[in-house]
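Undergrad: Attaching a predicted model along with its sequence, questions to come.
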Amino acid sequence: MRDDAALTVLLRSRPDLITPVPTDLTQLATRAGTRASVVRALERLDRFALQTAEALAVAADPATYGELLALMAGDEGDPAVTGALPHALGTLREQALVWGADDRLRLVRTARELLAPSQQHPSPTGLGPTVQEATAGMSPGRIQEIVTAAGLPSTHDAVSAVSALTALFTDRARMTALLADAPEESLEVLARLVWGPPYGQVTADPAARLRWLLDRGLLLPTAPGTVVLPREVALHLRAGRAHRATEPLAPPVEPAATHRPQIVDTTAAGQAYTALATVEELLKDWDEGGPSVLRAGGLSVRDLKRTAVALDVPEPVAVFWVELAYAAGLLASDGEADERFAATPAHDEWLEQPVAQRWARLAQAWLTATRTAGVVGGRDTKDRTLSALGPGLDRSAAPEVRHRVLTLLAGLPEGASPSAESVLARLRWERPLRGPQRDDDLRSRLAQWTLNEAELLGVTGRGALSAHGRALLGAPRPKPVPEEPVGPGDKLPVHHRHTPHPEPLSAAEQAVASAAAARLLAPLLPEPLDHVLLQADLTAVAPGPLQRPLADTLDVLADVESKGGATVYRFTPGSVRRALDAGRSASDLHAFLAEHSRTPVPQPLAYLIDDVARRHGHLRVGAASAYVRCDDDAVLNEILADKRAAGLRLRRLAPTVLAAQADPAALLEGLRAMGFAPAAESAQGDVLITRADAHRTPPRTAPEPVPDGPPTPDATLLAAAIRAIRAGDLASTTPRKPSADTAPVTGGDLPRTTSAETLATMQAAVLTGGALWIGYVNAEGAASQRVIAPVRVEGGFVTAYDHTADEVRTYPLHRITGVAELADDQL
C-alpha cells in the first residue's frame, strides 16, 4: 500500500493517471496498467532506468535483486552499475512499473509484454527466448536426443529434460567445458548471434558447424529454416550481461569554450536588439497588409523568399522570425474574403512597451510555443509540404526540449558554452528512443534548433547562457561542483547524477521570470538616439538605434541603404516626394532635419527638398475617369509631346486641363515615372494627403501551445486528487450494515434503494449523526461512490459533509441511486 507521499510522486511523474481523477485505488491501479499509460511512462525513463526494466523483462518472473544486478553488471561486476541500480529500481517502483520486495521483483504485466523478446518484436537487449520457450513445440523424442548429445543423462519426461538442459546452460563451469570441444567455425556462428538479433536461417541440410550446435541445443529451431540462440546460452557468452553496454552515468555536458560573463551578456544583448529590430522590420513591411494566405493555410514559397530578401536573412531564419511574431500574437490572418497576413492590434501595444519588455515577451513566447519553425519545408503524414504560418507545425515536445537544453546550459559555470554533441548525448540518455523512432530523432533536432534559435534571439551569447536568459528560465546561478571518485560503495559524482527535471513554471512564475529578465537586459541595451549625421552625398547616418518618432519620419523621408552597427539612409527625389505626399511641407522638412542633425544640413539636400517641393503639386490629378490640371499650359504641352504618355491616352479639354482614360492612381504613377511630381486632389480641388493606411487584423489571441499529454499537476491538484482517491477507496471498502430490505452490494456496484428508503435513511442519519455510503450520478451521467454525513434534508436536496471531497456539499435526492449505513466501528 502506497502512502500519500508515494502517491504524490507517482501522480506527478505520470499525470495521465489523474486525468480524470480516479475514484479509488483499484481504478488507479487499473489505469496505471493500461498499455497507453505504460508506454508513456517507459518513454520518459532515462537510459539506465529503461535498461533496468529491459533486464527485468528477460529475467525470471519474479526475480531477486541479486539476479537483476547480475544481468546489469555481469559476472565481473561494475561499481558504477552497482551504485546506480538502487536509484534506477527506485524510479521504476515510484512510477508503478515494478512491484514486490527485493526477493520478488516483478515488472508490471503490460511492461513485460512490451519489453520481452519475441520474433516479431526483438528485445533491445538482443536476447532470444529461453530454452523452455524455444522447445515448447518440440517433440519429447527430439528433446531427449539433444539432452543426450549434450552429455546429460536421459530423463523420463520432456519437462525434466528441459530443466536439465537449462541447468547445464546456466552453469558457467559445465558450459565452458562444453564449448571447449566446439569447432572453431561453430564458435564463430555463436559470436555472430550473441549480441543479437538471435535468429538465423538454416537450410534443410545444415552445414557441419551448424549441425554440431543444433545437436546440443545451442541453437534451437523456431520455424522451418529458422533457428534461435537460447537466452541462457547468450548470457553465458556475454558473461552474464543483458546489455552490451550499460550506461549508469548520465553523459556530462562538457564546456567547449569559456568566455567572460560580461562578454556573453553584452553579445546576447546586442543580438536581442537585432532580434527586436528584425521583428519590427517584418511587421512594418506587412503594415499595409502582408502576403496572401494559401488556400490550405500558411505562407507561399514566393512570399517567403520575398520576406527573406526584405529582412536580408536566409529563408530558414526568416521562417523563425515569422513564426516567432505569430507565436507572440503580433501577426495573424485578417479573416477577410481576400485573406492576408497582417499585424494585430497587440502589435501596436507591443511597440509602446519598453525595449527590454518587448524582448521578454518574444523570448517567453518562443520558450513556451509548440509551433516549430525547423520543420517548415518538410512533409506531413499526407506527404504535403509544411509551410510557414501553416497547419501541422506543432511539436508537443518542443517546449520541454527548449527548457531542458537551457537548463543544461544553466548548470554550466557562467560564461561556459557547451559543445552541441555533448548536449545531444545528454538528451538521448535522458530520453532514449525506442523502436522505429530511432530513425527520426525529433528531440535531437529540436535541441539543435534550440541552440541556434537561442543565439538568434539573444538568450545566449557566444553559445553560453546569458544572465537575462538564466532569469527568463527561472534558474539560479550555478555553483562549482567538486570532483568525486566512483568506487565500490561510493555515491555517484554530482555532475553524473541524473537529477529530476525542474518543474515548468506556472503562468504567474513566467510573468515574474520575464520581468526579471527584462530588468537584467535593460541596462545592456543601447539608448535610442534623437539625432543623425547628415552628409553631403545626400545620406544620413544613424550611429545607433533611433527614437521611434525620428525613425518613423526618416523611413518616409529617406530610403534605407544599409544596416549594421549604423544605419545609412539615402535621400532621393522619390523619397522626398513621399514625405510631401504624406502632408509635410518643405519648411517642415527643413526644420525637422535641422532639429535632428548633429551636422549642418548640406546644401545639396536643401536644394533637393526645395526643387521637389517646387514641382510637387504643380500638376493636379483628379477623377474624370482622371484629369490633369496645371496653371502652366507649357507643362501640359510637354506631357502631350512625351511618347511615354501614349499609354495614358490623354486629350486636352482646355488650355490648362487634360483628360485621361486611365484611373487616377495609374495616371499618378505614369506621370511620376516621366519625372513629374503630381499631387492628387479631391472633388473640391483640395490636395489629398496620401499616407499609407496601416492594415490590422481584428483582435487575435496568440496560438495556444499543443500540450504533450496532460500537464504536470500542481500541489493543490495533487492534494485534492489523493484526498478523493483515499475517500473513494474508503467508500468502496468500508463495511456496510446488512439490511433485509436492501439487495447485497458487491465489488464496485452502486447501492440501490427506492426513493422512499433513501429519504427515510437520510432523515434518520440527520437525527443520529451517522455516516452513509451513497451512489451518486452527476449531470454528465458519471457515477461515483461517496461517504457522507447528512446535516439537513429539505426541498428535495440533502446537505452533507462529503468525506470524499472533504467539504460540505448539497446533492439532489433524485440523483442518489441508493444508500447504505456504515458499520458502527467505521468513521
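TA: Great, that's in hand.
Undergrad: on contacts alone, who are the packing partners of the longest helix along the chain?
TA: Using DSSP state H, we find that the single longest helix of the chain is helix 261-285. Helices and strands touching helix 261-285, by 3 or more C-beta pairs under 8 Å, 6 or more residues apart in numbering; DSSP states H and E, are helix 301-311, helix 315-327, helix 355-368, helix 442-457, strand 460-461, helix 467-473. C-beta coordinates here come from the backbone N, C-alpha and C atoms, glycine included.
Undergrad: low-scoring pLDDT stretches of the stretch 351-500 of the chain, where are they?
TA: Within the stretch 351-500 of the chain, the stretches with pLDDT under 70 are 434-440, 475-500.
Undergrad: make it 80
TA: 433-440, 475-500 (pLDDT under 80).
Undergrad: in a helix, that's where Ala518 is, yeah?
TA: Yes: in this structure, Ala518 lies within a helix as judged by DSSP: H, G, I helix; E, B strand; the rest coil.
Undergrad: for the helix or strand hosting Leu521, which positions count as buried?
TA: Per DSSP states H and E: Leu521 is located in helix 507-521. Across helix 507-521, burial judged by 16 or more other C-beta atoms under 10 Å covers 510, 513-514, 516-518, 520-521.
Undergrad: Now do the helices in the stretch 501-650 of the chain.
TA: For the stretch 501-650 of the chain, the helices defined by DSSP state H, counting those that start in this stretch cover 507-521, 548-557, 573-581, 586-596, 603-615, 633-641.
Undergrad: Not counting its own residues, what contacts the last one?
TA: Just to be clear, that refers to helix 633-641. Applying C-beta atoms under 8 Å, 6 or more residues apart in numbering, the contact partners of helix 633-641 are 618-619, 628, 630, 645, 650, 652, 655-658, 671, 674, 676.
Undergrad: Any quick PyMOL command for the buried ones out of those residues?
TA: A single PyMOL command selects the buried members of the contacts of helix 633-641 (16+ other C-beta under 10 Å):
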select buried, resi 619+628+630+645+650+657+658+671+676
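Undergrad: Where does the prediction get shaky in the stretch 201-350 of the chain?
TA: For the stretch 201-350 of the chain (pLDDT under 80), the answer is 288-289.
Undergrad: So for Glu185, which of the helices and strands packed on helix 261-285 sits nearest?
TA: helix 442-457 (41.3 Å; C-beta to C-beta).
Undergrad: So for that closest one, what gets flagged as buried?
TA: Applying 16+ other C-beta under 10 Å to helix 442-457 flags 442-451, 453-457 as buried.
Undergrad: Identify the residues contacting it?
TA: 271-272, 275, 317, 320, 324, 362-363, 366, 372-374, 395, 397-398, 401-402, 405-406, 420, 423-424, 427-428, 431, 433, 460-461, 463, 469.
Undergrad: Return a selection command, for use in PyMOL, containing the buried ones of the residues you listed.
TA: Under the burial definition 16+ other C-beta under 10 Å, those of these that qualify are selected in PyMOL by:
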select buried, resi 271+272+275+317+320+324+362+363+366+372+373+374+395+398+401+402+405+406+420+423+424+427+428+431+433+460+461+463+469
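Undergrad: Pick out the lowest-pLDDT one from the buried residues of helix 507-521.
TA: Least confident entry in these, by pLDDT: Gln510, with 87.
Undergrad: and that residue, how far is that from Leu406?
TA: To Leu406, Gln510 is 14 Å away according to C-beta to C-beta, to the nearest Å.
Undergrad: what's near enough to touch the residue of the chain positioned farthest from its centre?
TA: Computed with C-alpha atoms, centre = their mean, the maximum C-alpha offset from the centroid of the chain is found at Pro655, amounting to 71.5 Å. With contact taken as C-beta under 8 Å, 6+ apart, Pro655 is in contact with 633, 636.
Undergrad: Quick one: neighbours of the closest residue to Leu533 other than its chain neighbours, just the number.
TA: Computed as C-beta to C-beta, 6 or more residues apart in numbering, the closest residue to Leu533 that is not its neighbour in sequence is Val541, at 4.5 Å. Counted by other C-beta atoms under 10 Å, the residues lying close to Val541 total 16.
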